[in-house]
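Engineer: Provided below are the primary sequence and the corresponding predicted coordinates.
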Amino acid sequence: MQLDMLLVRAAERLARAGSPSPRLDAEVLLCHVLGVERTWLYTWGDRMAPTFQRARFEALVAARVAGHPVAYLTGEREFWGLVLATSPHTLIPRPDTETLVEVLLGLADETSGRLLDLGTGTGAIALAFASERPGWQALGIDRVSEAVALAESNARRLGIANVRFLVSDWFSAVAQQRFALIAANPPYIDADDPHLAQGDVRFEPRSALVALESGLADLRHIAECAVGHLVPGGWLALEHGHDQAAAVRELLEARGYGDVASRRDLGGQERVTFGRRPDQR
């Protein structure tokens, strides 16, 4: 069977299964099997698919039909132009989180400094920031040791040297250390949110998704503790749910953070809220 026809049939099957991007899913999976870029498919789509590669591709399509995330099936996801290895131990990096990176880069107005990335997962935020700010030192922490090992592996493979990773339950391993920037994409979904039963999140670690207090518990904890880990004039930047911006601004302002503001993602949703360390602390 020609590759073009193989893709058409796979996309139709994925569409029937409810994939929001059936053709893209099919192309990414086939490129993974063939070890080629997507542009190669557009040029050589009339080639015949070898039997063993077709069988492997169809097995991946079947897994995707069952709902498994493409990023887990291929073992990688692009974020901020970096190809990151992924794992079921971590969240899949998403385009919305690039908004957080943009905010951090805008706040990093010095040539050097220290960034702390809480709940680093694949290392996406710390690695993206460090790749753009070589004069800075980034530290990513996560309470899951497998996530830290994955982030370290991503850093080595990408050759990003100004970043390191530690196992830590939020701030427990950084003691009295202080940072110019603290970033977090913490759990912020309410346990009763129906979206937890839909799409890729069904297969992602629940501990990285769900928080108490209608999803605000970890955001609140970070806002309270970050004050003691920011240098004077330092910034805290938090990713949150599309309907949580007002609540996050309120909790930052209640703790004395200044210059509090929110930034919208590419979909127009308020996705990141940030504030400056209280002067009196």
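Structural biologist: Nice, I can see it. Numbering: from 1, shown residues only.
Engineer: contacts, neighbours, all on C-alpha from now
Structural biologist: Noted.
Engineer: local confidence estimate at residue 162?
Structural biologist: At residue 162, the model reports a pLDDT of 98.
Engineer: likewise residue 281?
Structural biologist: Value listed for residue 281 in the pLDDT field: 43.
Engineer: where does the nearest residue to residue 195 once chain neighbours are set aside sit: helix, strand or coil?
Structural biologist: Nearest residue to residue 195 in three dimensions, chain neighbours excluded: residue 201, at 7.8 Å (CA to CA, 6 or more residues apart in numbering). Under the three-state scheme (DSSP: H, G, I helix; E, B strand; the rest coil), residue 201 adopts helix.
Engineer: just give the number of residues close to residue 201.
Structural biologist: 17 (other CA atoms under 10 Å).
Engineer: next one: residue 254
Structural biologist: So residue 254, with other CA under 10 Å, has 12 neighbours.
Engineer: per-residue confidence at it?
Structural biologist: In this model, residue 254 is scored at 96, pLDDT.
Engineer: ok, now which ones touch it?
Structural biologist: By CA atoms under 8 Å, 6 or more residues apart in numbering, residue 254 lies in contact with nothing.
Engineer: my read is residue 114 is in a strand, agree?
Structural biologist: Yes. According to three-state DSSP, residue 114 belongs to a strand.
Engineer: retrieve the pLDDT associated with it.
Structural biologist: Predicted confidence (pLDDT) for residue 114: 98.
Engineer: show me what contacts it?
Structural biologist: Per CA under 8 Å, 6+ apart, neighbours of residue 114: 136, 137, 138, 139, 179, 180, 181.
Engineer: next, the third one: secondary structure please.
Structural biologist: The one in question is residue 138. strand.
Engineer: in the sheet, who's paired with it?
Structural biologist: Counting by DSSP bridges, residue 138 forms beta bridges with residue 115, residue 163.
Engineer: residue 138 versus the most centrally placed residue in the chain, what's the distance?
Structural biologist: Closest to where the C-alpha atoms of the chain average out (CA atoms, centre = their mean) is residue 93, at 2.8 Å. Residue 93 sits 18 Å away from residue 138, going by CA to CA, to the nearest Å.
Engineer: figure out the helix or strand that residue 247 lives in.
Structural biologist: Assigned by DSSP states H and E, residue 247 falls within helix 245-254.
Engineer: what comes into contact with stretch 124-140?
Structural biologist: 79-80, 82, 84, 93, 97-98, 100-101, 104-105, 111-120, 123, 151, 155, 160, 162-166.
Engineer: could you rerun that using 6 Å?
Structural biologist: 111, 112, 113, 114, 115, 116, 117, 120, 162, 163, 164, 165 (CA atoms under 6 Å, 6 or more residues apart in numbering).
Engineer: also stretch 17-35?
Structural biologist: By CA under 6 Å, 6+ apart, the list of residues contacting stretch 17-35 reads 11, 14, 15, 65.
Engineer: now do the helix or strand following the helix holding residue 247 against helix 245-254, angle only.
Structural biologist: Per DSSP H and E, the first helix or strand lying C-terminal to helix 245-254 is strand 258-264. Per axes from the mean of the first three to the mean of the last three CA atoms, to 10 degrees, the angle that strand 258-264 makes with helix 245-254 is 160 degrees.
Engineer: need the next SSE after strand 258-264, C-terminal direction.
Structural biologist: By DSSP H and E, the next helix or strand past strand 258-264 is strand 270-276.
Engineer: parallel or antiparallel, which strands does that next one pair with?
Structural biologist: Here, using DSSP bridges, strand 270-276 pairs with strand 230-239 (antiparallel), strand 258-264 (antiparallel).
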